[in-house]
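> Structure for this input, please:
(chains A, B, C and D)
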Number of protein chains: 2
Amino acid sequence: MKEGPDISRIGSLIGDPGRANMLSALMSGKALTAGELASEAGVLLQTASGHLAKMEEGGLIRRNRQGRHHYFVLADEDVARVLEALMGLAAKRGQLRTRTGPRDPEMRFARVCYNHLAGDLGVALFDALKRDQALMVGVDGLELTQTGQQQIDALGIHVDPKGRAPLCRECLDWSERRSHLAGRLGRAILDHLYSEGWAERVADSRVVSFKPKGLGQFKAAFGIS
Amino acid sequence: MKEGPDISRIGSLIGDPGRANMLSALMSGKALTAGELASEAGVLLQTASGHLAKMEEGGLIRRNRQGRHHYFVLADEDVARVLEALMGLAAKRGQLRTRTGPRDPEMRFARVCYNHLAGDLGVALFDALKRDQALMVGVDGLELTQTGQQQIDALGIHVDPKGRAPLCRECLDWSERRSHLAGRLGRAILDHLYSEGWAERVADSRVVSFKPKGLGQFKAAFGIS
DNA sequence: CAAACACTACGGCCCGTACCGAAGCATTAA
DNA sequence: TTAATGCTTCGGTACGGGCCGTAGTGTTTG
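This is a model prediction of the structure:
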């Protein structure tokens, strides 16, 4: 038969543990160098270089040369969503790492998913926006309502009204197994968390660390209980 | 580092071309025997048997023994959604099969996605339901409104109001790159197409073949232009 | 009962590829 | 210019896994 697109190429790219670790690290949304990704994968630089070339060729990641450093990022949000969905399957199948990460609970509470907020708080944010009718389903997918626009304006969150990427998008959260908010709005809200000082990134991790006061302010801003 | 679930196991399962072909075939929602899947993958039965054991072990497929036949199906809808999402990535990356399938246009027009309708018509159906406010976003995801319930009641579509699987769910369509309807409601509507004789399955394919009259009736029923 | 059928299990071959050592480029620092 | 850094490329090794031939198990048919 052989109908439809060929998924085996992408599958085999993700199928190597080293490359999978690199991709997981890139889910932090940060641009990482080949060296950093090599240590992430637990291989020497030469080996990592080969992996990265393959993933670039396969369209999973993009490369930015800056001086003698090569910075890598995920190619686009579509890749991030597929990875998050795969993590959902893997988690459900109980294929957690034998040595579960030390920051696992923090990851589940709040983490970065490419460029937006995920985890318990990410899902709670999404639920609150839907509850307040800030988001509604239009023909072209999820749309920001006038109410929602007013809400984020009031908070001082600025999101470019135009742009090629979708404004709102759902992304299935692997730890909660429910959707959180992605798209340009999702990115803008995460940026806001940082710029307001409510939260900050944890080095070498996808974890988003909320400050006690910041967590309260965040919850109050969006009406999260 | 090594945070989060291990996606490499699932990736490597999908990464083999033979196994990927088997999974694509299972996206038709039909239960296929080991022999059928072997010819699908282009390998001998012994080889296919090994692949199937691995995919069963990995939780991607389930097995039903009936007499001397072993029937295989995708493990659940989550697997189907990940596969469809992967196809979306692969199609976008231009990694279509070198020898594009003979029924490619028909696949893009109307096909089965595990147990619901996908392709051009699938997306149009989803859009029409949203336009008519038959579906709306609730806190727990997509919900069937009272209007929507009346609409499908009037059409004689029966969907079990309770059930563990979600009633409505979005599924990203690989050919249209937009969502279509999945979940128990999506399944019920596809079943309705068959039972009303509006369309029928094409053997050995995911293609849904509409009869001329049936296509008109389907479009009229849901207000698709 | 034997024969045909559908599939699984085992063993050996072989190709693909991950891995690392060594060497080569490019960029930055001294 | 020389040295150090970050990365790529090449070459060779080794291991894993896909593949098929053969054999074995369970089921249906005659």
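> and A:G15, what does it touch?
B:8, B:11-15 (CB atoms under 8 Å, 6 or more residues apart in numbering or on different chains). C-beta: built from backbone N, CA, C; applies to glycine.
> ok, it to DNA strand C distance?
From A:G15 across to DNA strand C, the span is 8 Å (CB to the nearest atom of the strand, to the nearest Å).
> what do you get for A:E200?
27 Å.
> A:L181 contacts A:A124, doesn't it?
No. Applying CB atoms under 8 Å as the test, A:L181 and A:A124 come out as separate, 10.6 Å apart.
> of those two, who's got more company?
Using other CB atoms under 10 Å in any protein chain shown, the more surrounded residue of A:L181 and A:A124 is A:L181, with 26 against 21.
> which phi and psi does whatever residue of chain A ends up closest to DNA strand C have?
With CB to the nearest atom of the strand, the shortest gap between chain A and DNA strand C falls at A:G67, namely 2.8 Å. Dihedral pair for A:G67: phi 60, psi -130, per degrees, to the nearest 10.
> Then A:A85?
Torsion angles, degrees, to the nearest 10, at A:A85: phi -70, psi -40.
> picking that back up, how many other residues sit next to the residue of chain A closest to DNA strand C?
Neighbour count of A:G67, defined by other CB under 10 Å: 5.
> quick one, what contacts it?
If you count contacts by CB under 8 Å, 6+ apart, A:G67 has none.
> quick one on the thing from earlier: looking at the contacts of A:G15, which one is closest to B:T47?
Minimum distance to B:T47 across those is 14.9 Å, recorded for B:L13 (CB to CB).
> Is A:R201 in contact with A:V208, as I believe?
Yes. Counting by CB under 8 Å, A:R201 does reach A:V208; the two are 6.6 Å apart.
> now what about stretch A:114-126, what contacts it?
A:27, A:29, A:74, A:77, A:80, A:84, A:107-113, A:135, A:170-171, A:173, A:175-176, A:178-183, A:186-187, A:189-190, A:193, A:208, A:210, A:218, A:222, A:224.
> out of the residues you listed, which are buried?
Buried residues within the contacts of stretch A:114-126, counting neighbours by 16 or more other CB atoms under 10 Å in any protein chain shown: A:27, A:29, A:74, A:77, A:80, A:84, A:107-113, A:135, A:170-171, A:173, A:175-176, A:178-183, A:186-187, A:189-190, A:193, A:208, A:210, A:218, A:222.
> just checking, which of those belong to strands?
In strands, judged by DSSP state E, the following of those are found: A:74, A:111-113, A:135, A:170-171, A:179-182, A:208, A:210.
> In three-state terms, label A:L142 for me.
Under DSSP: H, G, I helix; E, B strand; the rest coil, the three-state class of A:L142 is strand.
> residue contacts, A:G156?
Here A:G156 is in contact with A:H192 (CB under 8 Å, 6+ apart).
> ok, now with 10 Å
Applying CB atoms under 10 Å, 6 or more residues apart in numbering or on different chains, we find A:G156 in contact with A:192, A:195-196, A:221.
> Could you list the domains of chain A?
Structural domains annotated on chain A: A:8-75, A:97-222, as defined by automatic domain parsing.
> Give me the common contacts of A:R201 and A:V208.
A:28, A:111-112, A:190, A:193-194.
> Please list which of the ones in strands among the buried ones among the contacts of stretch A:114-126 are also close to chain B.
Among those, the ones lying near chain B by CB under 10 Å from any CB of the partner chain are A:111, A:135, A:170, A:179.
> Pick out the lowest-pLDDT one from the residues you listed.
Among these, A:E170 has the lowest pLDDT, at 87.
> I'd like the distance between that residue and A:E3.
27 Å (CB to CB, to the nearest Å).
> what do you get for A:S12?
20 Å.
> go on, A:G223?
For A:G223 relative to A:E3 (CB to CB), the value is 47 Å.
> can you pick the most crowded of the contacts of A:G156?
Top of the contacts of A:G156 by neighbour count (other CB under 10 Å): A:A221, with 21 neighbours.
> Is it in contact with A:L129, as I believe?
No. When contacts are counted by CB atoms under 10 Å, A:A221 is not listed as touching A:L129 (11.2 Å).
> hey, what's in contact with both of these two?
Joint contacts of A:A221 and A:L129 (CB under 10 Å, 6+ apart) are A:151-152, A:189.
> from those, which ones fall inside helices?
A:151-152, A:189 (DSSP state H).
> Between those, which sits nearest B:R93?
Of these, the one sitting nearest to B:R93 (CB to CB) turns out to be A:I189, at 29.0 Å.
> Next one: A:R93 relative to B:D78, how far apart?
Taking CB to CB as the measure, A:R93 and B:D78 are separated by 9 Å.
> Need the residues touching each of these two.
With CB under 10 Å, 6+ apart as the test, A:R93 and B:D78 both reach B:G59.
> and chain A, which residues reach DNA strand C?
Residues of chain A lying near DNA strand C by CB under 7 Å from any atom of the strand: A:12, A:16-18, A:41, A:43-44, A:46-47, A:50-51, A:54, A:67-68.
> what two of those are the furthest from one another?
Top of the distance list for the residues of chain A next to DNA strand C (CB to CB): A:S12 and A:G67, 32.3 Å.
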